[in-house]
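Structure for this input, please:
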Amino acid sequence: MAFSGCQAPYLSPAVPFSGTIQGGLQDGFQITVNGAVLSSSGTRFAVDFQTGFSGNDIAFHFNPRFEDGGYVVCNTRQKGRWGPEERKMHMPFQKGMPFDLCFLVQSSDFKVMVNGSLFVQYFHRVPFHRVDTISVNGSVQLSYISFQNPRAAPVQPAFSTVPFSQPVCFPPRPRGRRQKPPSVRPANPAPITQTVIHTVQSASGQMFSTPAILPMMYPHPAYPMPFITTIPGGLYPSKSIILSGTVLPSAQRFHINLCSGSHIAFHMNPRFDENAVVRNTQINNSWGSEERSLPRKMPFVRGQSFSVWILCEAHCLKVAVDGQHVFEYYHRLRNLPTINKLEVGGDIQLTHVQT
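Here you go, the predicted model:
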């Protein structure tokens, strides 16, 4: 199967997890595993790049172990038999803490980055193009697994094709009275644009640089706050934005803004002091009416990691937190391509932004 674009991420998959890598691995392919190490259960976890779901053929087994001071085992399994271990006697993960783990596939090896710093290289023992499955097991909680193929033109996927292991159940478009607003222009087909991944980078670490991925590099361990970046091509139906981070333990509020010039087309403002997620639009420095209703409890928790997925449709934005749909926000500024700036601020630490 020819791989013609970026595979959509798995959001909040349950562990143990196994998922298909569409089209298999290719030279230049980049996979990011974002989550947190559990503080109480178990002393190991593993990320496996394998053929099929049986676990008998694992091209790359990446296995941190919180034993004997902490170390990481790398290995290959062929026809059910393990090869010689390669051990790195250093533990870059901490129990109870979030992590950003990035695998870059190159012709000779896997390069592995942890929290923005190059950690290990693992030379291929079997042809990497045989790999069509990623598996994660052990004492971790996952926020997402995302994929980038820099050698193919990125194509924004339709949301219905996103392979969520725990699907985001966005409600169907209303068929009753709430029809398409008359002032909304017909949806244009989604342009082919570049997806930009902003990845945390350590001052001394190395960054994977490819023509179709333009990383913004910031000192570890956090993005500068407030964080501002462009949205290439602006919004359009099927465009999605992903943000991950951790809420500070003493957090009061934070915000995510999608801006059009001096206007804020979409303002998402979780408020822990009010136990609410406020949504609004600001035009000419004047706020509109607030929206606060939620189908369930506050989706953000102080001191815990989160992943926010914003999907643009012709009439509204659909927002999911940790893989669960939380609300829709109908466009008040309807010239979608002019909504081309993302602003994030407040009491959080960002670990990953994809626009």
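
CA atoms for contacts and neighbours, from now on please.
Noted.

So what's the gap between stretch 16-31 and the chain middle?
Its chain's C-alpha centre and that of stretch 16-31 lie 15 Å apart, by CA atoms, centre = their mean, to the nearest Å.

pLDDT value on the nearest residue to T43 once chain neighbours are set aside, please?
Nearest residue to T43, sequence neighbours excluded (CA to CA, 6 or more residues apart in numbering): F66, at 5.0 Å. pLDDT for F66: 95.

and if you look at V105?
pLDDT, V105: 94.

What of the one 4 residues further on?
You'll see D109 listed with a pLDDT of 94.

what number of residues lie near it?
Using other CA atoms under 10 Å, D109 has 16 other residues around it.

How about Y329?
17.

Spit out the contact partners of it.
Residues near Y329 by CA atoms under 8 Å, 6 or more residues apart in numbering: 279, 316-318.

ranking those residues by neighbours, who comes first?
Most surrounded of the contacts of Y329: other CA under 10 Å gives R279, at 22 neighbours.

tell me which residues form a beta bridge with it?
M268, E291 (DSSP bridges).

and the residue nearest to Q30 when sequence neighbours are not counted, what helix or strand is that in?
Using CA to CA, 6+ apart and skipping the chain neighbours, the partner closest in space to Q30 is L104 (4.6 Å). Here L104 sits within strand 98-105, counting by DSSP states H and E.

That strand packs against which elements?
Identification of packing neighbours for strand 98-105 by 3 or more CA pairs under 8 Å, 6 or more residues apart in numbering; DSSP states H and E yields strand 30-37, strand 109-114.

Of those, give the one that comes closest to F300.
The closest of the helices and strands packed on strand 98-105 to F300 is strand 30-37. By CA to CA, the value is 15.2 Å.

so where is the stretch 51-200 of the chain shaky, pLDDT-wise?
150-200 (pLDDT under 70).

follow-up on the earlier one: does the residue nearest to Q30 touch L25 like I think?
No: the pair L104 / L25 is not scored as a contact, 10.1 Å apart, by CA atoms under 8 Å.

okay, these two: which has more neighbours?
L25 (22 against 19).

Can you tell me, leaving aside adjacent residues, what's nearest to that one?
H129 (5.1 Å).

what about that neighbour, distance to M113?
21 Å (CA to CA, to the nearest Å).

between the two, who's got more neighbours?
The neighbour comparison of H129 against M113 (other CA under 10 Å) goes to M113, with 23 against 14.

Distance of that one relative to F99?
Taking CA to CA, one finds M113 at 10 Å from F99.

ok, now M298?
Counting by CA to CA, the gap from M298 to F99 is 24 Å.

neighbour-wise, which of these two wins?
For M298 versus F99, neighbours defined as other CA under 10 Å are more numerous around F99 (23 against 14).

Between the two ends of stretch 230-240, how far is it?
End to end - CA to CA - stretch 230-240 spans 13 Å.
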